[in-house]
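1. Generate coordinates for the sequence data below:
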Amino acid sequence: MISMSSAEVIAAVGGTALAPLCDTEVTAAVIDTRAITPGALFAAVKGARVDANTLSGQARAAGASLILTEDGQAARAGGAEAERIIVVDDIPAALGRLARHNLELARHVNPDLRVIAVTGSVGKTTTKDLLAAICRERGDVVAPPGSLNNEIGLPLTVLRVGANTATLVAEMGADHIGNLAYLTSIAPPDIAVVLVVARAHLGEFGGIENVARAKAELVEGLREDGIAILNADDPRVAAMAGQVASGRVRTFGRVHPADVTASDITLGSDGRASFTLHMNDGAASPAPSAPYTLPAPSAPSELSAPSAPCTSKINLGLVGEHQVMNALAAATAAAAAGVSLPAIVAGLSSGPASAHRMDVFRRGSTLIIDDSYNANPDSMRAGIAALGQLGSGLKAAILGDMLELGAASREEHLALLPALEAAGVSLLIAVGPQVAALAEAARDAGITARAVGAWEEAEAELSDMLNEDGALLIKGSHGSGVWHIATRLKGE
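-> Model (predicted):
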């Protein structure tokens, strides 16, 4: 964070002082007392279980210079001095304003700072992690740990940007129209990456066309000369080219013609993909002036011979063929930011950086695929497919509910059966009420399957899955709790 005076902070957040504010410096912003460093602003967020105002005195003792709160008297009662308290109507909005101001200061100090924003129904965190690894060639990189991609997580990430930051890689999520418009107002991207429009948060969005509308807000929020990085294989994403005001677009894909493509894709026995990366040389191509029409799929020979290409062999450190598209997206964005091909190749070889996202490890003789952070129909199919690509032993899966699917929930859960059959899954434990119907359908299809109500019950069944020389996939929406099983198996 760019160091700010208390007067600058209160002006930026639009707050009021509980008493004449002391003259101090703010050098960081946190919402967790465990993350406090001397000079930090502590935002006292009222959580479902803990009102952080009660921790205000503890925060001050740990070195926090100011307390940001919606309830000044509660913060005072929690032990903070009145002259250290700033009161605002809405903490997330205040953090957003402070983050916007911090980024403006950082851009003034370092005009070469680049903001790369990533969105999509699946693959955001993996692509963000790949970009963070690749962009180290440019200098210091700020990227969120895990999936800090909402109205609190994004500002906290932006508030880590300092005078020496060369690249900010921001993950931006949405479960309602307008979310990304707001997030890009905090951190307008120089480069906007849209991965895919899929059936996620359908209960909130009300349909996939509204998902596409929401994701398009990322490219609409680009800076004046910004570049959009779009998936040429997804017609809803490709159509966003017409919404890029700068007219600067680069594309990636495996099926349709694109600026960055892959050929010769193979999978090792460990499920990790290798491929040949092809990158067109030159500046970002202009967006079409007329409504975008998805071109016909090209022949494989056309994909392997783009105009003025540079090519390189890539060995991904990530499991699953679906990771190839995430790698192409990261490579395209990094190239647009000026990163060299050797740095792109090296960065793509990195393994998973965020917990519970296609993290593969062994427990005894069993290979565990931990993709348990979250799930929607498309990511669930990708995880199941990755399971099927690992070896020839027993294939087992612990699948939790896919949440926020609305009226389509039962249909979407049942639609996973063909993926289970294609992957050769012979043992399934379904965790939660929504995925229970899949267990019944799986039994009818000859798969040994059981439905349980909670992750603790699934954990009790692990002995049947871990005594075999095979592979186990653990995946479900975060609220299903199946990530607890993966954490315990890894001994974290």
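2. And the helices in the stretch 151-300 of the chain?
-> Here the stretch 151-300 of the chain has its helices, by DSSP state H, counting those that start in this stretch, at 153-158, 179-186, 202-205, 208-220, 235-238, 300-303.
3. can I get the ones you listed in CSV with distance to residue 165?
-> Just so you know, the C-beta spots here come from the backbone N, C-alpha and C atoms, and that holds for glycine as well. As requested, the helices of the stretch 151-300 of the chain are exported to CSV (distance: least, C-beta to C-beta, whole Å):
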stretch, distance to residue 165
helix 153-158, 10
helix 179-186, 15
helix 202-205, 33
helix 208-220, 21
helix 235-238, 28
helix 300-303, 36
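4. out of those helices, deepest packed?
-> helix 153-158 (a mean of 24; mean count of other C-beta atoms under 10 Å).
5. which helices and strands sit right next to that helix?
-> Packing partners of helix 153-158 (3 or more C-beta pairs under 8 Å, 6 or more residues apart in numbering; DSSP states H and E): strand 28-30, helix 91-109, strand 165-171, helix 179-186.
6. Next, the angle from the third one to helix 179-186.
-> Inter-element angle recorded for strand 165-171 and helix 179-186: 170 degrees (by axes from the mean of the first three to the mean of the last three C-alpha atoms, to 10 degrees).
7. Provide the contact partners of strand 165-171 at residue level.
-> With contacts defined as C-beta atoms under 8 Å, 6 or more residues apart in numbering, strand 165-171 is touched by 103, 106, 110, 112-119, 124-125, 128, 131-132, 135, 138-144, 147-149, 154, 157-158, 161, 183, 187, 189, 337.
8. Alpha carbons only: can I get it in PDB?
-> What follows is strand 165-171, C-alpha atoms only, in PDB (Å, rounded to 0.1, in the frame of the first residue of the first chain):
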ATOM      1  CA  THR A 165       4.400  -3.100  -7.800                       C
ATOM      2  CA  ALA A 166       4.800  -3.800 -11.500                       C
ATOM      3  CA  THR A 167       1.700  -6.000 -12.100                       C
ATOM      4  CA  LEU A 168      -1.600  -6.400 -10.200                       C
ATOM      5  CA  VAL A 169      -3.400  -9.600 -11.200                       C
ATOM      6  CA  ALA A 170      -7.000  -9.200  -9.900                       C
ATOM      7  CA  GLU A 171      -9.600 -12.000  -9.900                       C
END
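9. wait, is residue 55 part of a strand?
-> No. Counting by DSSP: H, G, I helix; E, B strand; the rest coil, residue 55 is not part of a strand but helix.
10. I'd like to know how many residues surround the nearest residue to it once chain neighbours are set aside.
-> Setting aside the residues directly before and after it, residue 55 is nearest to residue 33 in space (C-beta to C-beta, 6 or more residues apart in numbering), at 5.3 Å. As a burial measure, residue 33 scores 18 neighbours (other C-beta atoms under 10 Å).
11. Tell me how far the residue nearest to residue 245 when sequence neighbours are not counted lies from residue 260.
-> Leaving aside its chain neighbours, residue 245 sits nearest to residue 222 (6.9 Å; criterion: C-beta to C-beta, 6+ apart). Here the distance between residue 222 and residue 260 works out to 19 Å (C-beta to C-beta, to the nearest Å).
12. Those two: which is more packed in?
-> residue 260 (26 against 23).
13. Which strand residues bridge the more buried one?
-> residue 252, residue 279 (DSSP bridges).
14. repeat for residue 396
-> Assigned bridge partners for residue 396, using DSSP bridges, are residue 427, residue 472.
15. rewinding a little: contacting residues around the residue nearest to residue 55?
-> Taking C-beta under 8 Å, 6+ apart, one finds 42, 52, 55, 58-59, 62 in contact with residue 33.
16. switch to 10 Å and redo it
-> Neighbour list for residue 33: 40, 42, 44, 52, 55-56, 58-62, 64 [criterion: C-beta atoms under 10 Å, 6 or more residues apart in numbering].
17. Residue 92 too?
-> 31, 43, 45, 150-155, 182.
18. Show me what the strand or helix carrying residue 318 is packed up against.
-> Element membership for residue 318 (DSSP states H and E) is strand 309-319. Packing contacts for strand 309-319, counted by 3 or more C-beta pairs under 10 Å, 6 or more residues apart in numbering; DSSP states H and E, involve helix 124-134, strand 260-267, strand 272-280, helix 323-336, helix 341-348, strand 359-363, helix 377-388.
19. can you list the ones you listed in JSON lines and add distance to residue 169 and mean pLDDT?
-> Below are those laid out as JSON lines (distance: least, C-beta to C-beta, whole Å; pLDDT from 0 to 100):
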{"stretch": "helix 124-134", "distance to residue 169": "5", "mean pLDDT": "95"}
{"stretch": "strand 260-267", "distance to residue 169": "18", "mean pLDDT": "94"}
{"stretch": "strand 272-280", "distance to residue 169": "19", "mean pLDDT": "92"}
{"stretch": "helix 323-336", "distance to residue 169": "9", "mean pLDDT": "96"}
{"stretch": "helix 341-348", "distance to residue 169": "11", "mean pLDDT": "93"}
{"stretch": "strand 359-363", "distance to residue 169": "20", "mean pLDDT": "86"}
{"stretch": "helix 377-388", "distance to residue 169": "20", "mean pLDDT": "90"}
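20. With distance to residue 490 as added columns, please give these in a markdown table.
-> Output for the helices and strands packed on strand 309-319, formatted as a markdown table (distance: least, C-beta to C-beta, whole Å):
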| stretch | distance to residue 490 |
| --- | --- |
| helix 124-134 | 18 |
| strand 260-267 | 23 |
| strand 272-280 | 19 |
| helix 323-336 | 20 |
| helix 341-348 | 24 |
| strand 359-363 | 6 |
| helix 377-388 | 17 |
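21. Which one, of the ones you listed, ends up nearest to residue 208?
-> Closest to residue 208 of the helices and strands packed on strand 309-319 is helix 377-388 (C-beta to C-beta; 10.9 Å).
22. And that closest one, how far out from the chain middle?
-> Relative to the chain's own centre, helix 377-388 is displaced by 17 Å; criterion: C-alpha atoms, centre = their mean, to the nearest Å.
23. packing partners for that helix?
-> strand 309-319, helix 323-336, strand 366-370, strand 394-400, helix 409-414, helix 417-423, strand 470-475.
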